[in-house]
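**Q** Quick one: sequence and predicted model below, then my questions.
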2 protein chains.
Amino acid sequence: MTAAYDRLKTRFARIATLGEAQGMLHWDASAMMPPGGAAARGEQLATLAGLAHELLTAPAVADDLAAAEAAGDWDAANLALMRRAHVRATALPTALVEAIARANSACETIWRDAKARADFAQVRPALEEVVRLQREMAGALSAALGLSAYDALMEGYQRGVTAAEVEPVFAAYEEFLRDALPRAEELQARRPAPRPLPGPFPVEKQRVLCRRMSERVGLDYAHARLDESLHPFCGGTPTDVRLTTFYAEDDVAKALMGVLHETGHAQYERGLPEAWARQPVGDAAGMAAHESQSLIVEMQACRSDAFLGFLGRELRASFGGDPGLYETGNLVGLWRRVERGFIRVDADELTYPAHVILRFRLERAMIGGDLPVADLPGAWTEGLRALLGITPPDDAKGCLQDIHWHDGAFGYFPSYTLGAMAAAQLMRAARRDVPAIDAALAEGDMRPLMGWLREKVHGQGSRLGFQDLLRHATGKPLDPADFMDHLRGRYLAA
Amino acid sequence: MTAAYDRLKTRFARIATLGEAQGMLHWDASAMMPPGGAAARGEQLATLAGLAHELLTAPAVADDLAAAEAAGDWDAANLALMRRAHVRATALPTALVEAIARANSACETIWRDAKARADFAQVRPALEEVVRLQREMAGALSAALGLSAYDALMEGYQRGVTAAEVEPVFAAYEEFLRDALPRAEELQARRPAPRPLPGPFPVEKQRVLCRRMSERVGLDYAHARLDESLHPFCGGTPTDVRLTTFYAEDDVAKALMGVLHETGHAQYERGLPEAWARQPVGDAAGMAAHESQSLIVEMQACRSDAFLGFLGRELRASFGGDPGLYETGNLVGLWRRVERGFIRVDADELTYPAHVILRFRLERAMIGGDLPVADLPGAWTEGLRALLGITPPDDAKGCLQDIHWHDGAFGYFPSYTLGAMAAAQLMRAARRDVPAIDAALAEGDMRPLMGWLREKVHGQGSRLGFQDLLRHATGKPLDPADFMDHLRGRYLAA
């Protein structure tokens, strides 16, 4: 029935519009809001979330979903996504949803303190409750969706890829890293140490440079803003994206690379299919797909030799000093440095996946009931030692470093590395399809790459799941070999 | 039934929270949003408004309102306001509400162009449609509320005062002005012309000064922001007020007096009773009450001799130059200048009511069916000549100058002058109750005045209508004599 499908489209557009309002209020809370507004903002976001949930779970939805018919690829995918969203929303009793929200919020608050004190015992009871409720949720979703418990959680962040597909990919990477990391370190040690750029870098100059570089990536500021927040992110809506960054006067790379990363996210949102705006199929394809777009811009394009040559000239014009500092070789030494570290968010692209693999295995074991929360610090230390050969001095630099688990996000971590691998795979396919990409990058021109991404990724919306999106764009499902080849070229060539 | 009332409180809190979200999105649209976000923002605001309307008009509301019982002043007032809101919302057929929204939006768009061209004929058909629909709305509300058609519209902006009460007040003012205006002009002409302050005034210095002065009024920036927009306003929510202003490099008074005015609005919101947050009775008491708070700060307090003395020292410290320029006498000459002009928003406090009286009479006649839109320009010219003795050179400086009617706002204009009169009446009562007010103003200390307003006005929320609020605070209903006495003291003393 077309009438039923039309009613559903109207309803889902309304739900999406509530989501847009939430997105703007989230951005405001991070970038603009005075501290005294926090309590009211919490109420506003909860009210909007509650109304969206009611719209999604209303009895009329089930009737219309049962009756609806949709013709054509896009409409069929749209209807399937509506069904999926409805099943996910109705699978969970309201009492469980509320208990989860309370437990996550309580644990997150305790975690901030526990992390500052490096005291895992302090947060352990709250985290145990979070994990207990996540397992309950995963069980309910698993039954409704016909997925494993962990996959049911992972699907909430990235549709179209399972843990059974991820595990061998990660195992292969672990194997690769065993030889690649010492080899990369050895090669790096042979080269002269890079010389730091001469700071301080005045914030106003950084702001101008960051904006100009994001425009180079193609961002149109008639549909975007760049502001500041403690934790940089890209929010807003497709016609009004809001990027944030954090300026450090002593380190221009922090804001600059951060803005380029967020611009990749922003360009994905900007390129989503307008004809499907506010429909499920018009959304981005998931968190791994999103991360592939930030990383193809930041890691694949902007940290390439070609683009660093251009960037060096821009930096020199902005900040001056010894021209040699801005040569590609020096920037490569500074900004493509490999280092075994404890902190995921500070990691280079070679060791970053090790941090993710560790978390993927631990969270899968926690959700599967094979790892009690009490054993987490020990399992973390052991796992990190096996992957990177280093031992964190305390839990603040170990299992307390990330907010994710303490805020109830289980199944999210794989997205980071799936995104990094997809970015390499997409870049290889783009270079094959559009040979002019690298010559353009050397001139700071991102248009050939962006044009390809617009068609192959952005414009596809959520029509395809992660593996199918890669098949469509590159001719094959996720293939870690492309990422490893990329790393070999950058870090293992003598 | 208490259960029914409790359900209503929950529902109205939800509606109010949607209103908070709308307030934030409105602020963002004016102060932050890139132009490309406008269409999506329109959708977001319409969706939130639609959901709020559905919550307010749901069948369950009528049942609960019929069953609800509330004990005590505040709860009784709250329940009465709930009933009023429900009656107003259900009195209008959805088709009419939508037709009004469309007609207003269409007319406003045409008006922008017509005003730029000073071409009333261009907007006339659209304005005729707006007026036709406003009359239809007023008729429907009138029947449901048992008020006259015009009063039913006016109540949408300010509860608790009728046109029959306003008319004699305005007639008395017209009478007063007939002698007062020439007399004030004559006295002014006898004094030496004031010397302008030495610009330019760098925006950053103005920003710092405006913020510091609003803090002097008592604004706490843990719960507020000050930003820029083309048309200054005060928005946001009581715990997170958002002020905007517009900085002109050649005129420091524009932003400074504007910020002090908006701070008066902001302080009202900040002082609303927390215990009744998000309930109808916890709201501000209406637009006239709101304007009384901006004007008591800007006109009564900040343009007083006492405060101008303090402000002169602050300005001199910020911008330097000849100390004589910053003396109270010179600032009085600059910032309390009387002048017959065509433009309401540029008017001084003596002639401002004439602009409002003109609009009140014309809009009342239009809603009453006694003034066809086609005759508006002529009636305007005639009315302005009778009130101020001047004739606008064209309709852009006449009946096209304000957005209000062209956006469907009929019944709003009286609020400006009711607010000005209430401000004078409140100030007199405050001075009587708290003799220290003026000595404190001379030191830039607004606390004695603010403390009184907190108790007598802000903390009353919406418990009382306009006249009752004045009775509560000053011992009498609106009495224009206090405003005229204030003007006599400022402008008619030799």
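**A** Everything's here; your move.
**Q** drop to CA atoms for contacts and neighbour counts, all remaining ones
**A** Fine.
**Q** name the element the residue of the stretch 301-450 of chain A found nearest chain B belongs to?
**A** Nearest residue of the stretch 301-450 of chain A to chain B: residue A:450, at 20.3 Å (C-alpha to the nearest C-alpha). If you go by DSSP states H and E, residue A:450 is part of helix A:447-456.
**Q** packing partners for the host helix or strand of residue A:383?
**A** Following DSSP H and E, one finds residue A:383 within helix A:376-388. Judged by 3 or more C-alpha pairs under 8 Å, 6 or more residues apart in numbering or on different chains; DSSP states H and E, the packing partners of helix A:376-388 are helix A:352-368.
**Q** buried set for the helix it packs on?
**A** By neighbour count on 16 or more other C-alpha atoms under 10 Å in any protein chain shown, the buried set for helix A:352-368 is A:352-364, A:366-368.
**Q** what does stretch A:197-210 give?
**A** Judged by neighbour count using 16+ other C-alpha under 10 Å, the buried positions of stretch A:197-210 are A:197, A:201, A:203, A:206, A:207, A:209, A:210.
**Q** If you count neighbours, what's buried in the helix holding residue A:450?
**A** Neighbour counts over helix A:447-456 (16+ other C-alpha under 10 Å) mark A:447, A:448, A:449, A:450, A:452, A:453, A:454, A:456 as buried.
**Q** Can you tell me which of those comes closest to residue A:332?
**A** Nearest to residue A:332 among these is residue A:449, at 21.4 Å by C-alpha to C-alpha.
**Q** Surely that closest one is in contact with residue A:437?
**A** Yes - counting by C-alpha atoms under 8 Å, residue A:449 touches residue A:437, with 5.8 Å between them.
**Q** Touching both of those two, which residues are there?
**A** residue A:430 (C-alpha atoms under 8 Å, 6 or more residues apart in numbering or on different chains).
**Q** now the residue most central in space within chain A, nearest residue through space, not along the chain?
**A** Per C-alpha atoms, centre = their mean, the C-alpha nearest to the average position across chain A is that of residue A:291, at 4.0 Å. Once flanking residues are discounted, residue A:291 sits nearest to residue A:419: 4.7 Å by C-alpha to C-alpha, 6 or more residues apart in numbering or on different chains.
**Q** what's the helix or strand for the one you found?
**A** Using DSSP H and E, residue A:419 sits in helix A:414-433.
**Q** tell me which residues in that helix are buried?
**A** Buried residues in helix A:414-433, counted by 16+ other C-alpha under 10 Å: A:414-430.
**Q** Which elements pack onto that helix?
**A** Under the contact definition 3+ C-alpha pairs under 8 Å, 6+ apart, helix A:414-433 sits against helix A:287-295, helix A:352-368, helix A:437-442, helix A:447-456, helix A:466-474, helix A:480-487.
**Q** Quick check: which of those is nearest to residue B:275?
**A** It is, among the helices and strands packed on helix A:414-433 and with distance given as C-alpha to C-alpha, helix A:287-295, at 41.5 Å.
**Q** continuing past that closest one, what's the next helix or strand?
**A** Helix A:287-295 is succeeded, C-terminally, by helix A:305-319 (DSSP H and E).
**Q** Return the set of buried residues in that following helix.
**A** In helix A:305-319, counting by 16+ other C-alpha under 10 Å, buried: A:305, A:306, A:307, A:308, A:309, A:310, A:311, A:312, A:314, A:315, A:316, A:319.
**Q** before we move on, the earlier item: how about the residue nearest to residue A:291, what does it touch?
**A** Contact partners of residue A:419, counting by C-alpha under 8 Å, 6+ apart, are A:287, A:288, A:289, A:290, A:291, A:292, A:293, A:295.
**Q** how does it look with 7 Å?
**A** Residue A:419 sits next to A:288, A:289, A:291, A:292 when contact means C-alpha atoms under 7 Å, 6 or more residues apart in numbering or on different chains.
**Q** Output those residues in CSV; the columns should cover pLDDT.
**A** Shown next, in CSV, are those (pLDDT from 0 to 100):
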residue, pLDDT
A:288, 98
A:289, 98
A:291, 98
A:292, 98
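**Q** Would you confirm that residue A:76 contacts residue A:70?
**A** Yes - counting by C-alpha atoms under 7 Å, residue A:76 sits close enough to residue A:70 to count as a contact (5.3 Å).
**Q** near chain B, which residues of chain A show up?
**A** Within chain A, the positions adjacent to chain B are A:14, A:17-18, A:21, A:34-37, A:44, A:47, A:222-225, A:239-240 by C-alpha under 7 Å from any C-alpha of the partner chain.
**Q** ChimeraX command to pick out the buried ones of these?
**A** With 16+ other C-alpha under 10 Å as the burial test, the buried ones among the residues of chain A next to chain B are selected in ChimeraX as follows:
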select /A:14,17,18,21,34,36,37,44,47,223,224,225,239,240
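**Q** Among the residues of chain A next to chain B, name the ones in strands.
**A** Secondary structure from DSSP state E places A:224, A:225, A:240 of those in strands.
**Q** and which of these is nearest to chain B?
**A** For those, the minimum distance to chain B (C-alpha to the nearest C-alpha) is 4.7 Å, reached by residue A:240.
**Q** For that closest one, give its distance to residue B:54.
**A** In this structure, residue A:240 and residue B:54 are 28 Å apart, going by C-alpha to C-alpha, to the nearest Å.
**Q** Residue A:224 now?
**A** For residue A:224 relative to residue B:54 (C-alpha to C-alpha), the value is 32 Å.
**Q** Likewise for residue A:454?
**A** Here residue A:454 is placed at a distance of 39 Å from residue B:54 (C-alpha to C-alpha).
**Q** how does chain A divide up, domain by domain?
**A** For chain A, the structural domains run A:1-90, A:159-494, going by automatic domain parsing.
**Q** So what would you say the end-to-end distance of the last one is?
**A** With C-alpha to C-alpha applied, domain A:159-494 spans 39 Å between its terminal residues.
**Q** hang on, the earlier thing: a markdown table please, covering the helices and strands packed on helix A:414-433 and showing distance to residue A:256.
**A** Shown next, in a markdown table, are those (distance: least, C-alpha to C-alpha, whole Å):
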| stretch | distance to residue A:256 |
| --- | --- |
| helix A:287-295 | 13 |
| helix A:352-368 | 20 |
| helix A:437-442 | 17 |
| helix A:447-456 | 19 |
| helix A:466-474 | 28 |
| helix A:480-487 | 22 |
